[in-house]
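# quick one: sequence and predicted model below, then my questions.
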Amino acid sequence: MKKLNILVDMDGVLVDLLPRWLATYGVATGEYIHPDLVTSYDFQSYVRDVEAFDDCLKFALQFAPPVPGSHKAMQELVGAGHNVYPLTYCHPAAPDAHRLKVEWLKHWLPMVDTDKLIATRHKHLVRGDVFIDDSEENIDKWLGAGGARAFLFNAPYNPMHRSFDWHQICRAIRLELEPASQDAVVDALTQMAQEDGMFDWDFNNDI
Ligand SMILES: [Mg+2]
């Protein structure tokens with residue numbers, strides 16, 4: 001089986017950041033915004049005090065849990081021998097974001113090798129077999145730069161587009177990109193068809 005280089009965005013894909021970010025901002029300013037109301041990726045456009053919002057980022061990151069399904073997905077992908085590279089933008093408003101993200105990974109997703117963390121705003125310049133991100137712009141730029149397979153991650157701000165959760169992404173990687181698994185699926189389907197007697201059907205007979 002080919003070992004894939006899988007590029008995984010952190011904020012919104014591994015780290016369930018936005019709910020904690022908005023809650024932290026609400027405590028700091030009294031302006032509470034429900035995450036489901038955020039229907040575009042431009043988070044700053046939803047708050048009155050952008051500076052305070054940015055200041056809350058580092059606190060939110062320290063207390064944000066993993067995105068549902070991400071722990072199991074990392075176990076599966078790393079366990080299958082793939083190289084998982086966390087590919088993340090470290091916001092200038094949080095100058096210690098890189099350190100915080102390394103600590104976050106070690107605490108919540110210890111199966112991920114933190115030496116593989118790549119911090120850049122220019123994700124489209126990083127090559128890999130698979131790219132997973134919750135920003136449609138990032139997905140489009142990465143595919144536009146020659147990337148082969150990308151998944152836009154589910155989020156309230158991706159309602160109008162084809163997006164995926166971790167269960168769907170792992171299944172797609174198994175079926176599309178792991179040839180051994182694809183063979184196994186074909187074998188299983190063939191066996192099921194044989195057991196059902198499909199190969200003995202006489203399609204000229206009326207049912
Ligand atoms: Mg993100």
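Received, thanks.
# which SSE is immediately downstream of the strand of greatest length in the chain?
Across the chain, the strand with the greatest residue count (assigned by DSSP state E) is strand 83-88. For strand 83-88, the succeeding helix or strand toward the C-terminus, using DSSP states H and E, is helix 97-108.
# kindly report the residues of the chain close to the ion.
Within the chain, the positions near the ion by CB under 5 Å from the ion are Asp9, Asp11, Gly12, Asp134. Yep, even glycine has a C-beta here, placed from its N, CA and C like the rest.
# switch the residues you listed over to JSON lines; also include secondary structure.
Listed next are the residues of the chain next to the ion as JSON lines, based on DSSP: H, G, I helix; E, B strand; the rest coil:
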{"residue": "Asp9", "secondary structure": "coil"}
{"residue": "Asp11", "secondary structure": "strand"}
{"residue": "Gly12", "secondary structure": "coil"}
{"residue": "Asp134", "secondary structure": "coil"}
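# quick one on the thing from earlier: other SSEs contacting the longest strand of the chain?
strand 5-8, helix 70-79, helix 97-108, strand 118-119 (3 or more CB pairs under 8 Å, 6 or more residues apart in numbering; DSSP states H and E).
# just these: most buried one?
strand 5-8 (a mean of 24; mean count of other CB atoms under 10 Å).
# so what sits opposite the closest residue to Trp108 other than its chain neighbours in the bridge?
Nearest non-adjacent residue to Trp108, counting by CB to CB, 6 or more residues apart in numbering: Pro66, 5.0 Å away. Counting by DSSP bridges, Pro66 is bridged to Val15.
# and the pLDDT at Pro66?
Looking at Pro66, its pLDDT is 97.
# how close does it sit to Trp104?
9 Å (CB to CB, to the nearest Å).
# what touches both of these two?
Common contacts of Pro66 and Trp104 (CB atoms under 8 Å, 6 or more residues apart in numbering): Val15.
# and the pLDDT for Glu178?
We have a pLDDT of 68 for Glu178.
# near Lys58, how many other residues are there?
Neighbour count for Lys58, taken as other CB atoms under 10 Å: 16.
# what sits against the closest residue to it other than its chain neighbours?
Spatial nearest neighbour of Lys58, chain neighbours left out: Ala94 (4.2 Å); criterion: CB to CB, 6+ apart. Each residue near Ala94 by CB under 8 Å, 6+ apart is listed here: Asp54, Leu57, Lys58, Leu61, Leu100.
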